[in-house]
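*Asks:* test case, fold it:
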Amino acid sequence: MSTSLSLEGKRGIVLGIANRHSIAYGIAEVLSEQGAELCITYLNEKSKPFVAL
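*Replies:* Numbering: from 1, shown residues only. Predicted coordinates for the structure are as follows:
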């Protein structure tokens with residue numbers, strides 16, 4: 001994806017990541033790529049590997 005959008009210095013929250021196919025995962029990925037600092041929640045322990053650093 002090629003955009004001129006910069007989210008440097010912005011903060012956001014993404015709720016309910018279930019796996020790498022979830023909409024929340026895709027949103028978090030794009031926001032992070034654009035420089036946003038994120039707080040992320042996940043559905044359950046099974047989903048933890050998709051959000052762990």
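
*Asks:* please, where are all the helices along the protein?
*Replies:* 23-33 (DSSP state H).

*Asks:* for Phe50, see how far away Leu38 is.
*Replies:* Remark: distance between Leu38 and Phe50 (Cβ to Cβ, to the nearest Å) = 13 Å. No exception for glycine: its C-beta is placed from N, CA and C like everyone else's.

*Asks:* same question, Arg20
*Replies:* Remark: distance between Arg20 and Phe50 (Cβ to Cβ) = 6 Å.

*Asks:* ok, those two, which is more surrounded?
*Replies:* With neighbours defined as other Cβ atoms under 10 Å, Arg20 and Phe50 compare such that Phe50 has more, 18 against 11.

*Asks:* who touches Cys28 in this structure?
*Replies:* For residue 28 the amino acid is Ala, not Cys. Neighbouring residues of Ala28 by Cβ atoms under 8 Å, 6 or more residues apart in numbering: Val14, Ile17, Leu38, Ile40, Val51.

*Asks:* please name the nearest non-neighbouring residue to it.
*Replies:* Val14 (4.3 Å; Cβ to Cβ, 6 or more residues apart in numbering).
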